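**Q** Sequence and predicted structure below; questions after.
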Amino acid sequence: MNSTTRFKLSAMMFLEFFIWGAWFVTLGAFLNNNLKATNSEIGSVFSTQSWGAIIAPFIIGLIADRYFNAERILGVLHIIGAILMYQMYSAPDVSVFYPYVLAYMILFMPTLALVNSVSFNQMKDAEKEFANIRVFGTIGWIIAGLLISFAFHWDSPEGIQAGLLKSTFLMAGIASLVLGLFSFTLPATPPKVAKDEKIKVGDILGLDALKLLKDKNFAVFFISSILICIPLAFYYQNAGLFLADIKVSNPTGKMAIGQVSEALFLLAIPVFFSKYGFKKTIIVGMLAWAVRYVLFAYGNAGNLSFMLIIGIALHGVCYDFFFVSGQIYTNSKAGEKFKSAAQGIITLATYGVGMLIGFKVAGLITDMYKTGDVTDWKMVWIIPAGIAAAVFLLFALLFNDKTKSEIAAKAV
């Protein structure tokens, strides 16, 4: 890969995840403070990510893979996304905001696959080259959080009171417009499927991979993956709102610690796999969810703020040791024929069905423990900690896959 192509792909990844991190982290606090949304309404807004994940395969399978170059679709989707971002910035209440955010997420979620497709198309050895490109996405997310907290102070108590959180949508919209226009300069990534070739809905959704559920251990992993998304949804929906509500300074910047942790622990997965195997690696990830929520439940913005920082820093263990490990495990069990289908069905199950249930539950629970403007955050975090602990026990007792050496070899 030449230096010009490497720069373009790195910039693409940076902007892709800068856009997402520029508004999604502070979304809960924005909805609560600017639009006065209930927690159930906040849950519905966050669930648009799940609807986007469910619809995304159809956009990729029926359009991107058949008719147009991936980089051109990426450009069009981000230009439309910039317009929708401005509409979200201008929305006076959640009823007006919701249709725009739903439309945006339906268009944005496919771009996550498109940036990967554009990248892979330029690589001779994706296993060695992709990580060096993808890391710029993590950097983009981190930079967005640092700008919000330390450069613009939009998430400070004064900034929130002044309604400045809505400015995140302008920043994301500008970045989306830049990426939309920049996408047309990216290397050509033509369709992989002939226009007249028949594509079945089952192929798009990867339904053939459901045959893997005949394996008892994979079925346990599959169900656990859906269930663990319930506590995961609590983090995405409530963490930013929680930190802002208890007056933690620079909350968005501090949450960027989670992305730094994610990048670092990604490097530790091969070591854990080779030494401890898949089961022990993934149960550490599950247990970390329970631990982090206990830390959130009992920490505060004062003398126990270190508990909150540790909880945020555990994001790398929580996410990488479960979700990334799960992707590697799925890849090893699927075989050559069902690899893509298996990854698709896991993504649909987790970010689609699992998160959809999770955001609904998170909204109901948070509303249940909110009286007026006061939220009992201790209970809001104890409940997902209990759910994560229950999933941990379910997986630890029922999963008994012995294929340690095979999976470890694929991870290294």
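**A** Received, thanks. As the structure is a prediction and not an experimental result, all values here were calculated from the model.

**Q** Need the nearest residue in space to the residue nearest the centre of the chain, chain neighbours excluded.
**A** Centroid check for the chain by CA atoms, centre = their mean gives residue 351 as the closest residue, at 7.7 Å. Among residues not flanking residue 351 along the chain, residue 53 sits closest, at 4.0 Å (CB to CB, 6 or more residues apart in numbering). Using the backbone N, CA and C atoms, a C-beta is placed for each residue, glycine as well.

**Q** does the residue nearest to the centre of the chain really touch residue 49, like I thought?
**A** Yes: Residue 351 lies in contact with residue 49 (CB atoms under 8 Å); the separation is 7.0 Å.

**Q** now the stretch 51-200 of the chain, which segments are flagged as low pLDDT?
**A** Along the stretch 51-200 of the chain, the model assigns pLDDT under 70 to residues 60-66, 126-127, 192-200.

**Q** For it, which segments count as helices?
**A** 70-90, 94-120, 126-146, 157-161, 167-182 (DSSP state H, counting those that start in this stretch).

**Q** If we go by neighbour counts, what in the shortest one is buried?
**A** The one in question is helix 157-161. 159-160 (16 or more other CB atoms under 10 Å).

**Q** wait, doesn't residue 26 sit right on residue 240?
**A** Yes: contact criterion CB under 8 Å: residue 26 and residue 240 qualify, at 5.3 Å.

**Q** So for those two, which residue has more residues nearby?
**A** residue 26 (30 against 25; other CB atoms under 10 Å).

**Q** need the contact list for that one.
**A** 148, 154-155, 165, 168, 240, 244, 252 (CB atoms under 8 Å, 6 or more residues apart in numbering).

**Q** Return the distance of it relative to residue 20.
**A** 12 Å (CB to CB, to the nearest Å).

**Q** And for residue 291?
**A** 26 Å.

**Q** same deal with residue 58?
**A** Residue 58 is 21 Å from residue 20, by CB to CB.

**Q** circling back to that earlier point, any chance of the contacts of residue 26 in JSON lines, plus distance to residue 2?
**A** Shown next, in JSON lines, are these (distance: CB to CB, whole Å):
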{"residue": "148", "distance to residue 2": "35"}
{"residue": "154", "distance to residue 2": "39"}
{"residue": "155", "distance to residue 2": "40"}
{"residue": "165", "distance to residue 2": "41"}
{"residue": "168", "distance to residue 2": "35"}
{"residue": "240", "distance to residue 2": "40"}
{"residue": "244", "distance to residue 2": "44"}
{"residue": "252", "distance to residue 2": "36"}
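
**Q** tell me the two of those residues that are most distant?
**A** The span of the contacts of residue 26, defined through CB to CB, is set by 168 and 244 at 12.6 Å.

**Q** Now residue 230: closest residue in space, sequence neighbours ignored.
**A** residue 358 (4.1 Å).

**Q** hang on, the one you found packs against residue 231?
**A** Yes: contact criterion CB under 8 Å: residue 358 and residue 231 qualify, at 7.3 Å.

**Q** ok, residue 131 - how many residues close by?
**A** Counted with other CB under 10 Å, residue 131 comes out at 12.

**Q** show me the contacts for it.
**A** residue 266.

**Q** where's it relative to residue 144, distance?
**A** 21 Å.

**Q** cool, residue 356 as well?
**A** Remark: distance between residue 356 and residue 144 (CB to CB) = 25 Å.

**Q** So which of these two has more stuff around it?
**A** Between residue 356 and residue 144, counted using other CB under 10 Å, residue 144 has the larger neighbour count: 29 against 22.

**Q** The more buried one and residue 262: what is the separation?
**A** 15 Å.

**Q** Show me which of the contacts of residue 26 is closest to residue 118.
**A** Of those, the one sitting nearest to residue 118 (CB to CB) turns out to be residue 168, at 26.1 Å.

**Q** Just give me the neighbour total for the closest residue to that closest one other than its chain neighbours.
**A** Distance criterion CB to CB, 6+ apart; nearest residue to residue 168, sequence neighbours excluded, is residue 23 at 4.5 Å. The number of residues packed near residue 23 is 27, by other CB under 10 Å.
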